[in-house]
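A.B. asks: Kindly return the folded structure for what I paste below:
(2 chains)
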There are 2 protein chains.
Amino acid sequence: MGGLENGATNNQNSSPTTTKPTKTSLSPDSMINLDQGDPTLFEPYWRKMGDKCTLVIEGCDLMSYFSDISNICWFLQPQLGDAIKRLHRVVGNAVTEDRHVVVGTGSTQLLMAALYALSSPADRHPVSLVAAAPFYSGYKDQAEFLRSGLYKWEGDAHTFEKDGPYIEVVTSPNNPDGAMREAVVNRGEGKLVYDLAYYWPQYTPITQPLDLDIMLFTFSKCTGHAGSRIGWALVKDKEVARKMTEYMQISSIGVSKESQIRAAKILGVLGEGCRTADSENFFEYSHSILKERWERLRNVVKNSRVFSLPKYPRDYCNFTGKYMDSSPAFAWLHSKEDIDWESRLREHKIIARSGERFGASPKYVRISMFSPPEAFNLFLERLSAIIDNTTGNVVT
Amino acid sequence: MGGLENGATNNQNSSPTTTKPTKTSLSPDSMINLDQGDPTLFEPYWRKMGDKCTLVIEGCDLMSYFSDISNICWFLQPQLGDAIKRLHRVVGNAVTEDRHVVVGTGSTQLLMAALYALSSPADRHPVSLVAAAPFYSGYKDQAEFLRSGLYKWEGDAHTFEKDGPYIEVVTSPNNPDGAMREAVVNRGEGKLVYDLAYYWPQYTPITQPLDLDIMLFTFSKCTGHAGSRIGWALVKDKEVARKMTEYMQISSIGVSKESQIRAAKILGVLGEGCRTADSENFFEYSHSILKERWERLRNVVKNSRVFSLPKYPRDYCNFTGKYMDSSPAFAWLHSKEDIDWESRLREHKIIARSGERFGASPKYVRISMFSPPEAFNLFLERLSAIIDNTTGNVVT
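C.D. replies: Presented below is the predicted three-dimensional model:
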């Protein structure tokens, strides 16, 4: 799921205020915001695509609430459902046969919908919600902000021992640490929601088509179109799909049709580009950017006696037909020093997110690998300086 | 707020399954669905506008989560905020000076956001939520479906006597009955949310620019673009606007940018059309359709000894500069006979919504005035037949 949670408005150095992003202009005094995962760095690829992805909508189009009343998810535009299924078949990351596609306002709304669908108003106690630490910091906010009596955030799945029904969110690759994940609790009363926002070839080798009950994906992290707020769930059980749809109906009467048809078009172009060899496909392009950034970051960190980064197993990717390293959207930077690294980095004008927000130690910070190129360069310079000034356990 | 709630998937005869609506083809056996307020009947106007409302979006546009980080509602596209304020000034239905515009996935999401913003996690008891009966049937679902500990649906404002803080939703013109409304409870601890979805000149005379703390509007009912899922709130208090924005951030990380820029364009064309006299403006067009439907419906009902419709005061409309009758989006049909009229109409192949859903008697039914022309004609035929067959208090 997204890399944006509370604190978004602290964003001091990132994003366009208008439709067309403008170049950032950073000075030595500028704060660098690596807190959010705003994926605008993929924009040049889509610019290169020119008219192929251009969408034209007339004033009289898309006026009805309804898209396909024969579908459980009656507000899903059929062309989006088709494009989603085609893309998963091309990439080979998820089984789509006999699945219901439920569209949401980002996968954020779909997680809320899944909690609603998997809990029961008839139960006297709320169902427990857990995720293995370090977990995406948004889950806790989503579970707690309305003080719902249907579900209750219980934190780290590793230490969860409460009896009774529970929902475990499995984020794979994981946000914040990029690790491939499986369920941790594994008890009979458990229901699983897989957040697969980053299970795409630019981030991680695609080792198998996943075949799970509820799988969440988001347009934001697949292609970089975060502004469209389109997510989708592949759902095995009809009743769960119906209840997720009901959630969307009550909370927002469906999902933007403009965004849906735009996502259908762009996912279509993406899938087509993967099948033909006449140009670089999007996954190769975006992987090459992330891979280069990871190499540069690892080069800086390897000089440090204090910092370390996770290591990922090299794996065979069925999509590319090659052995590949993971290049996650976030770097999960660990320090040996027992200090609050979020605060320390902020003194060096780097905004990152403390491990504490993810149910981990403040010795960890999460750093977005999605920043504009200039900001990423400046981040590496500043991190190098911090490392150069570090002698033994003393950090300036 | 919307005319669509639970039961949307019962829709058996309304809407396009594809982008371009297709003509319905009704037979004497067809069910006529007048349950929902799907405003596709305004489509021909926007078709006539041709290229003026056409929107072109390139593949690289609108990728960021952010729209304007200097704004409290950081995901609001500035051109939408501007178009909203301009249109309210042209129509004269709401004060926009010194107001924060908060955009939502329909006004449905904004009502949820307002409940979140006006309640307090620190309070031991949930804040009471009330609306004067007959009230929009969606409010109860929205307040109850997540079993929130922040707010509690307490039903009819007329009979509300509980002590302590409360939120009253004032819907004006009211859904289902079209009446202009004011707050009912009027106690110091009360907070008010005005749902002004239908306070536009096609439905009711615009008698004054409303100047209230929280005013909700929706693109769906203003122009008929329900599929875009765009609503907006005009909010006086900065902290309330901030918390409403936070709700949107946690529940869906903002609102579709494609829908926002389309709404900006269409609201802009609408506002411009009201200022220039070279063509029929949208409000005149849509009012003339509704007015004609109301006249035909009143003509049918006046022959009945059983049915009646609300009467609305003729009032001077500042926007049109004329005295006008109200032509609400729904007809609130009352019957003297003490039977369940939703069921009885269903026997006659008319789907309407029982008064019970609105906190009223089942002697009332709400009938959408938004159906496709063929469906509306058939509805009048069937209602005439029911009335013709009615002698005294016996209804076939």
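
A.B. asks: So what does residue A:295 look like in phi/psi?
C.D. replies: phi -60, psi -40 (degrees, to the nearest 10).

A.B. asks: count of residues packed around it?
C.D. replies: Neighbours of residue A:295 under the rule other CB atoms under 10 Å in any protein chain shown: 11. Backbone N, C-alpha and C define where each C-beta goes, glycine included.

A.B. asks: Please look at residue A:286 and residue A:222 and confirm they touch.
C.D. replies: No - look at residue A:286 against residue A:222 with CB atoms under 8 Å: they stay out of range, at 9.6 Å.

A.B. asks: which one of the two has more residues nearby?
C.D. replies: The neighbour comparison of residue A:286 against residue A:222 (other CB under 10 Å) goes to residue A:222, with 31 against 22.

A.B. asks: Give me the phi and psi for the more buried one.
C.D. replies: Main-chain dihedrals, residue A:222, degrees, to the nearest 10: phi -70, psi -50.

A.B. asks: for the closest residue to it other than its chain neighbours, phi and psi?
C.D. replies: Residue nearest to residue A:222 in three dimensions, not counting chain neighbours: residue A:200, with 5.4 Å by CB to CB, 6 or more residues apart in numbering or on different chains. Backbone geometry at residue A:200, expressed as degrees, to the nearest 10, gives phi -130, psi 160.

A.B. asks: Pull the contacting residues for residue A:200.
C.D. replies: A:91, A:93, A:206, A:221-222, A:283 (CB atoms under 8 Å, 6 or more residues apart in numbering or on different chains).

A.B. asks: Check those residues and tell me the two furthest apart.
C.D. replies: A:206 and A:221 (14.4 Å; CB to CB).

A.B. asks: which of those two has more neighbours?
C.D. replies: residue A:221 (27 against 22).

A.B. asks: I'd like the secondary structure assignment at the more buried one, please.
C.D. replies: Three-state call for residue A:221 (DSSP: H, G, I helix; E, B strand; the rest coil): helix.

A.B. asks: Run through the helices of the stretch 201-350 of chain A in chain order.
C.D. replies: Along the stretch 201-350 of chain A, counting by DSSP state H, counting those that start in this stretch, helices occupy A:219-223, A:238-252, A:257-275, A:282-301, A:341-347.

A.B. asks: The closest residue to residue A:144 other than its chain neighbours: how many residues sit nearby?
C.D. replies: The shortest distance from residue A:144 to any non-neighbouring residue, by CB to CB, 6+ apart, is to residue A:153 (5.4 Å). Residue A:153 has 16 neighbouring residues, counting by other CB under 10 Å.

A.B. asks: Checking my notes, residue A:153 in a strand, right?
C.D. replies: Yes - counting by three-state DSSP, residue A:153 is found in a strand.

A.B. asks: what's the spacing between it and residue A:126?
C.D. replies: As judged by CB to CB, to the nearest Å, residue A:153 and residue A:126 stand 9 Å apart.

A.B. asks: do the same with residue A:306
C.D. replies: Residue A:306 is 42 Å from residue A:126, by CB to CB.

A.B. asks: Same check on residue A:216?
C.D. replies: 21 Å.

A.B. asks: more crowded one of the two?
C.D. replies: residue A:216 (26 against 21).

A.B. asks: how close does residue A:154 sit to residue A:107?
C.D. replies: 21 Å.

A.B. asks: swap in residue A:131?
C.D. replies: 14 Å.

A.B. asks: can you check residue A:273 too?
C.D. replies: For residue A:273 relative to residue A:107 (CB to CB), the value is 23 Å.

A.B. asks: Give me the local confidence score for residue A:388.
C.D. replies: For residue A:388, the pLDDT comes out at 89.

A.B. asks: And for the one 3 residues further on?
C.D. replies: Looking at residue A:391, its pLDDT is 51.

A.B. asks: Residue A:114 against residue A:233, yeah?
C.D. replies: Yes - using CB under 8 Å as the test, residue A:114 is close enough to residue A:233 to be in contact (6.9 Å).

A.B. asks: joint contacts of these two?
C.D. replies: Joint contacts of residue A:114 and residue A:233 (CB under 8 Å, 6+ apart) are A:214, A:216, A:244.

A.B. asks: where does chain A dip in pLDDT?
C.D. replies: By pLDDT under 70, the low-scoring segments of chain A are A:1-24, A:391-396.

A.B. asks: What separation do you get for the nearest residue to residue A:383 once chain neighbours are set aside and chain B?
C.D. replies: Excluding the flanking residues, the one nearest residue A:383 by CB to CB, 6+ apart is residue A:300, at 5.5 Å. From residue A:300 across to chain B, the span is 27 Å (CB to the nearest CB, to the nearest Å).

A.B. asks: how deep is residue A:300 tucked in, by neighbour count?
C.D. replies: Residues near residue A:300, counting by other CB under 10 Å: 18.

A.B. asks: Was I right to think it contacts residue A:385?
C.D. replies: No - with contacts defined as CB under 8 Å, residue A:300 does not count as touching residue A:385, sitting 10.1 Å away.

A.B. asks: What residues does the stretch 251-396 of chain A have near chain B?
C.D. replies: A:251-259, A:261-262, A:266, A:269 (CB under 8 Å from any CB of the partner chain).

A.B. asks: mind running it again at 10 Å?
C.D. replies: A:251-263, A:265-266, A:269-270 (CB under 10 Å from any CB of the partner chain).

A.B. asks: and residue A:384, what element?
C.D. replies: For residue A:384, the host element (DSSP states H and E) is helix A:373-388.

A.B. asks: ugh, wrong one, I meant residue A:85
C.D. replies: Counting by DSSP H and E, residue A:85 is found in helix A:78-91.

A.B. asks: The nearest residue to residue A:332 once chain neighbours are set aside and chain B, how far apart?
C.D. replies: Excluding the flanking residues, the one nearest residue A:332 by CB to CB, 6+ apart is residue A:177, at 4.0 Å. Applying CB to the nearest CB, the value for residue A:177 to chain B is 21 Å.
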